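J.: just a sequence and a predicted model for now, questions to come.
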Amino acid sequence: MAITYSMDSLKEKLGEILDVIPRHSSVVYLDYPLYGNVGDLLIMKGTEAFFKAYGIRVRERWNAENFIPGRNIPKNVIIVCQGGGNFGDLYPHFQQFRERVVQHYPDNRIVILPQSIYYENEENIKRTRDILTAHQDLHLFAREKASFQFAAERFEGLKNLRMMPDMAHQLWPIAPSENPSASVLRLIRTDKEANSTLQTAGEPDTYDWNVILSDKDKRGIKRLQTLNILNKKAGNPLPIASYWRRYSDSLVSKSILFFSRYESVVTSRLHGHILSCLLQKENVVIDNSYGKNANYYNTWMKDIPNTKLIQKDGTKTEKPPVHA
C-alpha cells in the first residue's frame, strides 16, 4: 500500500533520526554552509531546529573550510554531517571533505543527514563505497528513493542506510511575513543543475537565490568567508559559527519575506518548492538536470495540496487543488 505524506507527517518522520542521534546526546555538527545558497541555509536552520527540539547538545560547529580532520573529538560524541544535494562527484569539494572525516574518525559514530546522491564517474563511486563501508558505525540517510536505491546497490556492504526527507521540513510550519502583493514568483536556477530543456532563465521577473540577496548581503557573506579563512590560520579563536548563525538568520528571513509577497511559485530549485510548501503556497516544481527534484517530489511531496511537477518530458502532474 502506498504511503501518503503530509507536511505534518514529514516533520514527524524526521524524529526517526533519534534512532541514531538520541535525545540529549552530544554532537559535533560539520559542513554547515557558509555561503549564500538559501536552500542549504534552510537545511541548516532545520537541522538546528531538530537539535533544539530534542535537546541534542552541539559541542562544536565547523564548516568545510575551517575544520581540520584529526581534531580531537571524544569517542562518545556523534559526528553529524550536513544534509543536502552535494553527495557525489558533482560537488567534489564537499564529498572529499566528508570522506576525509569518515577516514579520520573510525571510532566515532558518524551520521550523514539526508542527502541526494549523484555520480558521473565509476571510480568515484568505488572510492566512496570503500571509505564508507570501512567504517563500522556510519549511518547514511538518503533523501529520496532514487538515492536510496543507488546507495543500496552501489555501496554494497554499507550496513546503516535509511531514507529520510530533507531537514528543512523540521521548520514546518512557517508563517508568511506579509500578505501577497504579486501573482507568480519564478525562481529558476542558473548553475550546473539547470535543466535547459524545461526552464527559461533570464525572462522578466525571474530570480534565483543570488538575485534575492542584495549586494550588501553578498558583501557580508564574503567578509565572513574571508574572516573564516584568517581565523583558521590563527587557530580558530573567533566563534565564526555564532556570527554566521545570526547573519544567516537575516538571509533566511529576507527570503521568507520575498516568497511571502507572491501568491504562487514556479521553481526549479528544490528548496524553492519546499519553502513554498512550508509557507503553504501553491507551487509548480520543475525538474533539475539529473532528476533530483522529480525524485524528491515523487518520494515525499506528490500528495501535498496545491503542488505540481513538470517532468523531463515536459508533462505536468495534475491533482485537484485543496483550499484551507
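T.: Structure received.
J.: would you mark the buried spots in stretch 223-234?
T.: 224, 225, 228, 231, 232 (16 or more other CB atoms under 10 Å). C-beta: built from backbone N, CA, C; applies to glycine.
J.: mind listing what the third one touches?
T.: Looking back up the chat, that one is residue 228. Contacts for residue 228 (CB atoms under 8 Å, 6 or more residues apart in numbering) come out as 34, 63, 65, 66, 240.
J.: out of those, which is nearest to residue 161?
T.: For the contacts of residue 228, the residue nearest residue 161 by CB to CB is residue 63; the value is 25.8 Å.
J.: for the closest one, give its distance to residue 30.
T.: 8 Å (CB to CB, to the nearest Å).
J.: still on that earlier bit, what about the contacts of residue 228, which are in helices?
T.: residue 240 (DSSP state H).
J.: any chance of the buried residues of stretch 223-234 in CSV, plus pLDDT, secondary structure and distance to residue 295?
T.: Listed next are those as CSV, based on pLDDT from 0 to 100; DSSP: H, G, I helix; E, B strand; the rest coil; distance: CB to CB, whole Å:
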residue, pLDDT, secondary structure, distance to residue 295
224, 98, helix, 33
225, 98, helix, 31
228, 97, helix, 33
231, 96, helix, 38
232, 95, helix, 36
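J.: now tell me which helix or strand of the protein has the poorest mean pLDDT.
T.: The least trusted helix or strand in the chain, going by mean pLDDT, DSSP states H and E, turns out to be strand 206-207, with a mean of 80.
J.: just the C-alpha atoms of the helix or strand following that strand, please, in CSV.
T.: Note on strand 206-207: by DSSP states H and E, the next helix or strand toward the C-terminus is helix 209-212. C-alpha atoms of helix 209-212 as CSV (Å, rounded to 0.1, in the frame of the first residue of the first chain):
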residue,chain,number,x,y,z
TRP,A,209,18.8,32.8,-4.7
ASN,A,210,21.7,35.1,-5.7
VAL,A,211,19.3,37.6,-7.1
ILE,A,212,17.1,37.7,-4.0
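J.: may I see the buried residues of helix 209-212?
T.: For helix 209-212, using 16+ other CB under 10 Å, the buried residues are 209, 212.
J.: and the contacts of that helix?
T.: 36, 37, 38, 39, 187, 190, 218, 254, 255, 258, 269.
J.: list of residues touching stretch 62-75?
T.: So stretch 62-75 is contacted by 26, 28-34, 79, 93-94, 97, 100-101, 103-105, 107-108, 225, 228-229, 231-232, 236, 240-241, 244 (CB under 8 Å, 6+ apart).
J.: from residue 243, how far off is residue 46?
T.: 20 Å.
J.: quick check: the gap between residue 131 and residue 125.
T.: Distance check for residue 131 against residue 125: by CB to CB, it reads 11 Å.
J.: and the residue nearest the centre of the chain, bridged to which residues?
T.: Closest to where the C-alpha atoms of the chain average out (CA atoms, centre = their mean) is residue 84, at 3.0 Å. Here residue 84 shows beta-bridge partners residue 115, assigned using DSSP bridges.
J.: for it, what are its contacts?
T.: Contact partners of residue 84, counting by CB under 8 Å, 6+ apart, are 33, 39, 40, 43, 115, 116.
J.: same question, residue 309
T.: Residue 309 neighbours (CB under 8 Å, 6+ apart): 284, 285, 287, 293, 294, 297, 298, 302, 316, 317.
J.: where does it land in three-state SS?
T.: Three-state assignment for residue 309 (DSSP: H, G, I helix; E, B strand; the rest coil): strand.
J.: now intersect the contacts of residue 309 with the strands, please.
T.: Judged by DSSP state E, those include 284, 285 as members of strands.
J.: greatest separation within the contacts of residue 309: which pair is it?
T.: Applying CB to CB across these, the maximum distance is between 284 and 298, 14.7 Å.
J.: quick revisit: list just the nearest of the contacts of residue 84 to residue 7.
T.: Of those, the one sitting nearest to residue 7 (CB to CB) turns out to be residue 43, at 16.3 Å.
J.: show me the strands in the chain, by range?
T.: Counting by DSSP E, the strands of the chain are 26-30, 57-62, 78-81, 84-88, 110-118, 138-142, 160-163, 182-187, 206-207, 262-267, 282-286, 307-310.
J.: and the ones you listed as TSV, adding distance to residue 7?
T.: Compiled in TSV, the strands of the chain are given as follows (distance: least, CB to CB, whole Å):
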stretch	distance to residue 7
strand 26-30	25
strand 57-62	26
strand 78-81	24
strand 84-88	20
strand 110-118	16
strand 138-142	19
strand 160-163	18
strand 182-187	19
strand 206-207	24
strand 262-267	15
strand 282-286	13
strand 307-310	10
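J.: max pairwise distance over the contacts of helix 209-212: which two?
T.: Using CB to CB, the contacts of helix 209-212 span at most 19.2 Å, a distance reached by 190 and 254.
J.: cheers, nothing more for now.
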